[in-house]
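Engineer: Fold the following.
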Amino acid sequence: MEDRLIRELVAMALKEDLGSGDLTTALCIPLDTVVTGEFLAKEAGVLCGCAFLQESFAQMDPAVELEFLKADGDEIKAGDVIARVAGPGRSILTGERTALNFLQHLSGIATATRSCVKAVAGTGVRIADTRKTTPGLRAAEKYAVRTGGGVNHRFGLDGGILIKDNHIKGAGGIAAAVARARKEAPHVFKIEVEVETLSELKEALKAGADIIMLDNMTLEQMAEAVRLVQGAALLEASGNMGERDLRAVAETGVDLISIGALTNHVRGLDISLKFR
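Structural biologist: Residues are numbered from 1 along each chain as shown. Got it, this is the predicted structure:
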């Protein structure tokens, strides 16, 4: 991720949390208190967000020192020390929640992604995210997906041409939608079409779609789609894939599995800060 974006996200989060000041810490902790502590994993997972942890305290107080024992992408287990922290007690307590929010959330995404990647290991299928992300955190969440071993779908609406059901209805059919997109789009862009039936798949293939998204199809339908396409287009399985047997989906022969739940249904990894 870009350092500039990390700085901006952390600044926004600190401002949101701090408001006019940390009342509890100011009232309870003497100004000259110096503490040491450890960021501890309380469950197994994949670590992600160390740069956000670093930036949270850099902005809070440059006097806070961090020593990282783990790095983004590492598989951690309960009891592992992720980082040691030392410095002014007030600054560490005030920045704690912002730092942990980023670390827990992004590690949760990386952990979920790694689990999905392992489920399809050896099949050649790639696990992809979607645009179902937390507003304002898309870059961070997509970074977490990559950290977990997944790949990113288009970043935003300007990142690719994906013709979905309402585009098809508005354009007057699959053939018309693809033809219009092909005529106007820059030559470097591929065209993806979402289909719900094998009949629509045939239409998309005939229209010249480069990628075809198989939306909520059964395993039998996906296997038949692979047979019909015979490599003429990339096939992406999508639609509630977070609830499906990913190994079974991968073994139908599709090329990609996109999972919105990687970012919009994720549970943060349990990580805490404990003072020594």
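Engineer: can you map out the helices along the stretch 101-250 of the chain?
Structural biologist: 138-147, 165-171, 174-184, 198-207, 219-229, 246-250 (DSSP state H, counting those that start in this stretch).
Engineer: Could you identify which of those helices is most buried?
Structural biologist: Neighbour counts (mean count of other C-beta atoms under 10 Å) averaged over each of those peak at helix 138-147, with a mean of 23. The way it works is simple: take the backbone N, C-alpha and C, and place the C-beta from them, glycine included.
Engineer: so what does that one touch, helix or strand wise?
Structural biologist: Contact here means 3 or more C-beta pairs under 8 Å, 6 or more residues apart in numbering; DSSP states H and E; on that basis helix 138-147 packs against helix 3-18, helix 89-119, helix 261-264.
Engineer: sorry, back to before: tabulate the helices of the stretch 101-250 of the chain (CSV), appending distance to Ala78 and mean pLDDT.
Structural biologist: Output for the helices of the stretch 101-250 of the chain, formatted as CSV (distance: least, C-beta to C-beta, whole Å; pLDDT from 0 to 100):
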stretch, distance to Ala78, mean pLDDT
helix 138-147, 20, 98
helix 165-171, 44, 97
helix 174-184, 50, 96
helix 198-207, 46, 98
helix 219-229, 36, 98
helix 246-250, 25, 98
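Engineer: Go through those helices and name the closest to Arg276.
Structural biologist: helix 138-147 (28.9 Å; C-beta to C-beta).
Engineer: any idea how far the closest one is from the chain center?
Structural biologist: Distance, stretch centre to chain centre, for helix 138-147: 4 Å (C-alpha atoms, centre = their mean, to the nearest Å).
Engineer: all numbers from here: first residue = 582
Structural biologist: Happy to do that; since the first residue is 582 now, the last one works out to helix 719-728.
Engineer: quick one, it and helix 584-599 angle?
Structural biologist: Angle, helix 719-728 to helix 584-599, by axes from the mean of the first three to the mean of the last three C-alpha atoms, to 10 degrees: 110 degrees.
Engineer: The helices and strands packed on helix 719-728 into TSV, with extra columns for mean neighbour count?
Structural biologist: Below are the helices and strands packed on helix 719-728 laid out as TSV (neighbours: other C-beta atoms under 10 Å):
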stretch	mean neighbour count
helix 584-599	15
helix 670-700	23
helix 842-845	22
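Engineer: Rebuild those helices as TSV, extending it with mean pLDDT and distance to Val830.
Structural biologist: Output for these, formatted as TSV (pLDDT from 0 to 100; distance: least, C-beta to C-beta, whole Å):
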stretch	mean pLDDT	distance to Val830
helix 584-599	97	33
helix 670-700	98	9
helix 842-845	96	14
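Engineer: export those to CSV and tack on distance to Arg735?
Structural biologist: Shown next, in CSV, are those (distance: least, C-beta to C-beta, whole Å):
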stretch, distance to Arg735
helix 584-599, 18
helix 670-700, 17
helix 842-845, 14
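Engineer: Out of those helices, which is closest to Asp851?
Structural biologist: helix 670-700 (7.2 Å).
Engineer: and the angle from the closest one to helix 719-728?
Structural biologist: 50 degrees.
Engineer: starting at the chain centroid, how far to helix 670-700?
Structural biologist: 12 Å.
Engineer: ok, back up a step: want to throw the helices of the stretch 682-831 of the chain into CSV with distance to Arg848?
Structural biologist: Conversion of the helices of the stretch 682-831 of the chain to CSV gives the following (distance: least, C-beta to C-beta, whole Å):
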stretch, distance to Arg848
helix 719-728, 13
helix 746-752, 30
helix 755-765, 37
helix 779-788, 35
helix 800-810, 27
helix 827-831, 18
